[in-house]
Every structure is written in structure tokens, then in C-alpha cells.
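>>> Here's my sequence, what's the structure:
(chains A and B)
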Number of protein chains: 2
Amino acid sequence: MAKKPGRVHAAPAAKEAASAVFRFRPRVTWGGAVAIGPGKIALLEAIDRTGSITAAAKSLEMSYRRAWLLLDEVNRSLSELAVDSAQGGERGGGTTLTPVGKRLIELYRRIESKAETACSREIKALVGLLARGS
Amino acid sequence: MAKKPGRVHAAPAAKEAASAVFRFRPRVTWGGAVAIGPGKIALLEAIDRTGSITAAAKSLEMSYRRAWLLLDEVNRSLSELAVDSAQGGERGGGTTLTPVGKRLIELYRRIESKAETACSREIKALVGLLARGS
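Presented below is the predicted three-dimensional model:
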């Protein structure tokens, strides 16, 4: 399985189903409200993958309404829209990412992976303080 | 005002009260539950500062019960306790951090600040995509 950026797994102890997972969960807030965060980035990636808000919402097990509201928050916080929804036409209602939407995902994921590389020693030490069961 | 690690403020636009704030909010989860996260670290820091769970909870505007439960989750997830509560004695019920508790805070804050330094260019670019109002 490909290693996701932003995750560091502790060596699993014997007989342990779950292991500790370290994740950076970067957020940009505006006056307390989250403008960009892990949930919105995951939604944009799902739209990029599926080509539609409906399919993206379904793949994330979220209601269409919730996906639409998250997307609306993203679009309102950016200087340019993150997605482009076709009105009818050949793909009938398909939604694609704009260059700004793609750039947003790219920067967010790059921040996670660079941060993980830069802090790998400290992350291992932090996860090493944890112990579950015995 | 001292710059807090993990925060990058965008240049405030004219007539704008709030500005964008970027923060890493590192978390360590065990099977879905948060073992270590920003709220727990803030609580440990408040205990270190105030010397008591009651005062720490008050300073964070949280109930004693909630503080106690968070602390219990931290202690259960570590191989050694993060806090040491004196039973009576001269300081009567005071709570101090153990070396493991102090180490936990130190590692967590170091991860935030190293990550911010490593990603400063990308963070600026990400925050630069945001714009509010006009």
C-alpha cells in the first residue's frame, strides 16, 4: 500500500490491531472559521478523481448538501474559484478543478510531505512516547 | 507580540479585521481516537503554567470534568504518566508535569516550529491563494 503523506505509523506491537498514526492536519482559518483544511482538500481531490460533486460526496460518505456547502466555503475564501461546474453540455453537470483548485491541493500535500520529512526524527520520538496495553 | 509557532499570518488587507492564519495541528491517533493533539498539549501547558488541573481548566474555559477526561486519555496513551498529582501535603492537590509530560510538549512544539520553517515558502503560497471580500 502506498504511503500517504502526513502519516507515520509506529511499529505495531504484537497482538495490536491498531497502531499510532501521526498526521499533520494543516488548516488555514479566517477569523475562527476553517477556510482550508484536511476535509476540504479531500473533497477537492475526490472531485478531481470522479469529475462530479455527487460522486465525490458519495465516495467520501458525505451528503451532497454537505459537499456543496464545503465547496462553497472553499470558493468563497479563494480569490478565484477552485472548481468549474459545466452547465449541461456533453458531460452534463460534470465538475472539474480549476488551475487554482489543483494548485491548492498540490501546495497542501507538499506542505504535509515536506513537514514530515523535516520532522521525521521528532515525530518518531513523539510516537515513541506512546504505548498501548502492555 | 511574540510569534507563536505554527502560525503564519497573511498580510491583512485594508479594512479587514481578521487575517488568514495557517496552523499545523499535528495529531497522533490510535485506532481513530486522538491520543495527542493540539487541545491536549494546550491543557498540559496550562497545567505546567498554573500547577493545578482546576486552574488550567479555568484558564482554557473548559470544565474540570473535561480537563480531567482529556488528561486521563493522555495518560492512558503514554507508557508513563504525563502529570503527577500530589495527594495532600504542602501544595495540597497541586499537579505538575512529569519529565515525560514536559518532553511531550517540547517535541510537539518543536515539530510545529520545524515544520513551519521547512515549509515557509509553500505556506506563503497557500495563504496567498486566499482572498476575502474586496
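
>>> Output the longest helix anywhere in chain A as PDB, restricted to C-alpha atoms.
When chain A is scanned for its longest helix (criterion: DSSP state H), the result is helix A:99-118. Provided in PDB are the C-alpha atoms of helix A:99-118 (Å, rounded to 0.1, in the frame of the first residue of the first chain):
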ATOM      1  CA  PRO A  99      -5.900  25.600 -12.100                       C
ATOM      2  CA  VAL A 100      -6.300  27.300  -8.700                       C
ATOM      3  CA  GLY A 101      -8.000  24.200  -7.300                       C
ATOM      4  CA  LYS A 102      -5.200  22.000  -8.500                       C
ATOM      5  CA  ARG A 103      -2.600  24.300  -7.100                       C
ATOM      6  CA  LEU A 104      -4.400  24.400  -3.700                       C
ATOM      7  CA  ILE A 105      -4.200  20.600  -3.400                       C
ATOM      8  CA  GLU A 106      -0.600  20.500  -4.700                       C
ATOM      9  CA  LEU A 107       0.600  23.000  -2.100                       C
ATOM     10  CA  TYR A 108      -1.400  21.400   0.700                       C
ATOM     11  CA  ARG A 109       0.000  17.900   0.100                       C
ATOM     12  CA  ARG A 110       3.500  19.300  -0.500                       C
ATOM     13  CA  ILE A 111       3.400  21.100   2.900                       C
ATOM     14  CA  GLU A 112       2.400  17.800   4.600                       C
ATOM     15  CA  SER A 113       5.200  15.800   3.000                       C
ATOM     16  CA  LYS A 114       7.900  18.400   3.400                       C
ATOM     17  CA  ALA A 115       6.900  18.900   7.000                       C
ATOM     18  CA  GLU A 116       7.000  15.100   7.600                       C
ATOM     19  CA  THR A 117      10.500  14.800   6.100                       C
ATOM     20  CA  ALA A 118      11.800  17.800   8.100                       C
END
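
>>> Can you list the buried residues in the helix or strand following it?
Taking DSSP states H and E as the definition, the helix or strand that follows helix A:99-118 towards the C-terminus is helix A:120-128. For helix A:120-128, the buried set under the neighbour-count rule, 16 or more other C-beta atoms under 10 Å in any protein chain shown, comprises A:122-123, A:125-127. Using the backbone N, CA and C atoms, a C-beta is placed for each residue, glycine as well.

>>> ok, back up a step: what does the longest helix of chain A contact?
Contact partners of helix A:99-118, identified using C-beta atoms under 8 Å, 6 or more residues apart in numbering or on different chains, comprise A:5-6, A:8, A:24, A:26, A:36, A:41, A:44-45, A:48, A:74, A:78-83, A:97, A:123, B:24, B:114-115, B:117-119, B:122-123, B:125-126, B:129.

>>> what about residue A:34, which helix or strand?
strand A:33-36.

>>> can that strand be found next to chain B?
Yes. With C-beta under 8 Å from any C-beta of the partner chain as the criterion, chain B is reached by strand A:33-36 at A:35-36.

>>> Check what pLDDT residue A:93 gets.
The predicted structure scores residue A:93 at 68 on the pLDDT scale.

>>> Likewise for residue A:33?
According to the prediction, residue A:33 has pLDDT 85.

>>> Run a quick neighbour tally on the closest residue to it other than its chain neighbours.
Residue nearest to residue A:33 in three dimensions, not counting chain neighbours: residue A:73, with 7.6 Å by C-beta to C-beta, 6 or more residues apart in numbering or on different chains. The burial metric for residue A:73, expressed as a neighbour count using other C-beta atoms under 10 Å in any protein chain shown, is 17.

>>> can you check residue A:36 too?
With neighbours defined by other C-beta under 10 Å, the count for residue A:36 comes to 27.

>>> if I pick it, what's in contact with it?
If a contact means C-beta under 8 Å, 6+ apart, then residue A:36 has A:26-28, A:74, A:77, A:104, A:108, B:126, B:130 as its contacts.

>>> Any idea what it is bridged to?
When assigned by DSSP bridges, residue A:36 has beta-bridge partners residue A:28.

>>> hang on, the earlier thing: quick one: the residue nearest to residue A:33 is in a helix?
Yes. Following the definition DSSP: H, G, I helix; E, B strand; the rest coil, residue A:73 is counted among the residues of a helix.
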